[in-house]
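Trainee: with the input below, show me the fold.
(one chain, ligands or ions: 1)
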Amino acid sequence: MALRACLRTKPGLTGLLSQLSSCSSHGAARMSPALVAQRRSSSTSQKIKVDFDQRTGVAVMRMQSPPVNSLSLEFLTDVCIALEKLEMDKSCRGLIVTSSQPKVFSAGLDILDMYGKSPEHCAEFWKAVQEMWLKFYGSNMITIAAVNGSSPAGGCLLSMTCDYRIMADNPRYSIGLNETQLGIVAPFWFKDTMVNTVGHRTTEMALQLGLLYSPAEALKIGLVDRLVPEDQVLTTATETMTKWLAIPDHARQLTKSMMRKPTIDKLTSNREADINNFVKFITKDSIQKSLGMYLEMLKRRKA
Ligand code: CO8
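Mentor: Residues are numbered from 1 along each chain as shown. Sure, this is the predicted structure:
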């Protein structure tokens with residue numbers, strides 16, 4: 001129910017022009033320390049924790065869905081609701097997304113939501129995946145991904161929807177769209193997001209081979225913007241946010257919209273067809289078999 005209500009709302013950048021007149025009020029106001037304390041708010045669902053500091057205008061969203069922050073239907077619903085709230089709060093200008101789980105930013109889409117499920121469930125799940133992407137990619141806020149662990153597939157997508165990515169410099173972590181390794185195909189809007197981030201040729205190779213990059217490789221191809229020691233990921237994200245906040249909101253938002261709107265429009269005008277394609281593809285026996293084998297491989301690797 002909550003997701004459905006959330007799905008009815010336009011993504012942030014879509015209503016941008018009409019909101020421009022109110023943008024000038026986005027700057028953080030000066031206030032007394034007592035007021036500052038009152039102006040910190042936090043909201044917690046089981047899967048995410050959001051801390052919003054009204055003094056700075058910056059919210060931090062921590063993904064806390066053990067073991068690996070996989071993007072399940074429930075998780076996506078919580079994220080969409082939280083984003084919706086932040087987007088509507090004109091005092092919130094920036095959002096940092098990070099993980100509370102050790103070693104993992106997000107393991108991507110929850111494979112269990114795509115394996116052995118009814119077509120109806122798959123359709124609802126995919127609609128939620130689309131919604132998360134639309135809300136992040138079309139956000140009016142400055143969004144920074146503090147990638148403090150591995151980030152395959154949908155986790156990589158989530159980080160690519162942000163305006164800037166800072167990753168922990170730990171060679172054990174990896175990031176990339178590895179869908180083909182699971183025997184599945186990244187949809188066009190995953191592909192478009194990566195093309196917009198690293199360019200066509202790099203995306204073509206990355207997608208065909210299902211490449212997962214080390215942090216150093218990801219920096220080299222521009223998949224992430226900066227590497228820092230693991231314990232500095234969040235502080236660096238906060239410092240970076242301060243620089244971005246210095247740019248007038250209306251100019252930055254219009255520029256973001258200009259860059260991203262064609263990609264967003266492509267999905268919004270094809271949502272139903274994209275859902276139908278996904279359901280048809282994912283429920284095929286051969287694809288279900290591949291997913292089952294991949295899940296087995298994950299378990300074996302653990303043992
Ligand atoms: N979904 C569901 N369960 C998962 C997922 C996932 N994406 N990833 C891991 N798990 C489970 C594991 O099976 C394991 O379960 P259990 O405890 O029951 O054995 C548990 O989480 C812990 O996993 P690990 O032991 O592997 O944890 P590690 O900390 O060693 O490694 C990693 C963390 C690196 C994230 C690792 O788990 C991993 O590589 N996971 C797989 C990531 C992946 O390939 N994700 C792809 C998902 S598909 C996607 O996002 C886009 C799909 C687009 C569809 C397009 C179709 C048309």
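Trainee: CA atoms for contacts and neighbours, from now on please.
Mentor: OK.
Trainee: quick one: the strands in the stretch 1-150 of the chain?
Mentor: Here the stretch 1-150 of the chain has its strands, by DSSP state E, counting those that start in this stretch, at 40-44, 48-53, 58-63, 94-99, 142-147.
Trainee: what does the fourth one contact?
Mentor: Among residues not part of strand 94-99, those counted as contacts by Cα atoms under 8 Å, 6 or more residues apart in numbering are 57-64, 69, 105-106, 141-149, 234, 237-238, 241, 245.
Trainee: which of the helices and strands in this protein ranks last by mean pLDDT?
Mentor: Using mean pLDDT, DSSP states H and E, the weakest-scoring helix or strand in the chain turns out to be helix 16-23, at a mean of 36.
Trainee: picking that back up, mean neighbour count, mean pLDDT and distance to the ligand for the strands of the stretch 1-150 of the chain - can I get that in CSV?
Mentor: Output for the strands of the stretch 1-150 of the chain, formatted as CSV (neighbours: other Cα atoms under 10 Å; pLDDT from 0 to 100; distance: least, Cα to the nearest ligand atom, whole Å):
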stretch, mean neighbour count, mean pLDDT, distance to the ligand
strand 40-44, 13, 79, 22
strand 48-53, 20, 97, 17
strand 58-63, 24, 98, 14
strand 94-99, 25, 98, 12
strand 142-147, 27, 98, 12
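Trainee: and these: which comes nearest residue 185?
Mentor: Nearest to residue 185 among the strands of the stretch 1-150 of the chain is strand 142-147; the distance by Cα to Cα comes to 23.8 Å.
Trainee: helices or strands up against whatever helix or strand comes next after that closest one?
Mentor: Later in the chain than strand 142-147, the nearest helix or strand by DSSP states H and E is strand 151-152. Applying 3 or more Cα pairs under 8 Å, 6 or more residues apart in numbering; DSSP states H and E, one finds that strand 151-152 makes contact with strand 175-176.
Trainee: residue numbers of the stretch 1-150 of the chain in contact with the ligand?
Mentor: Contact residues, the stretch 1-150 of the chain versus the ligand (Cα under 6 Å from any ligand atom): 67, 68, 70, 104, 107, 108, 109, 110, 111, 112, 150.
Trainee: return a PyMOL selection command for the buried portion of the residues you listed.
Mentor: Buried residues within these, by 16 or more other Cα atoms under 10 Å, are selected in PyMOL with:
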select buried, resi 68+70+104+107+108+109+110+111+150
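Trainee: and residue 190, what does it touch?
Mentor: Residue 190 sits next to residue 157 when contact means Cα under 8 Å, 6+ apart.
Trainee: do you know how far it is from residue 207?
Mentor: 10 Å (Cα to Cα, to the nearest Å).
Trainee: with residue 49 instead?
Mentor: 32 Å.
Trainee: same deal with residue 237?
Mentor: From residue 237 to residue 207 the distance is 28 Å (Cα to Cα).
Trainee: more crowded one of those two?
Mentor: residue 237 (24 against 21; other Cα atoms under 10 Å).
Trainee: and the more buried one, what element?
Mentor: Assigned by DSSP H and E, residue 237 belongs to helix 233-245.
Trainee: residue 227 and residue 220 touch, don't they?
Mentor: No - with contact defined as Cα atoms under 8 Å, residue 227 does not reach residue 220; the gap is 10.5 Å.
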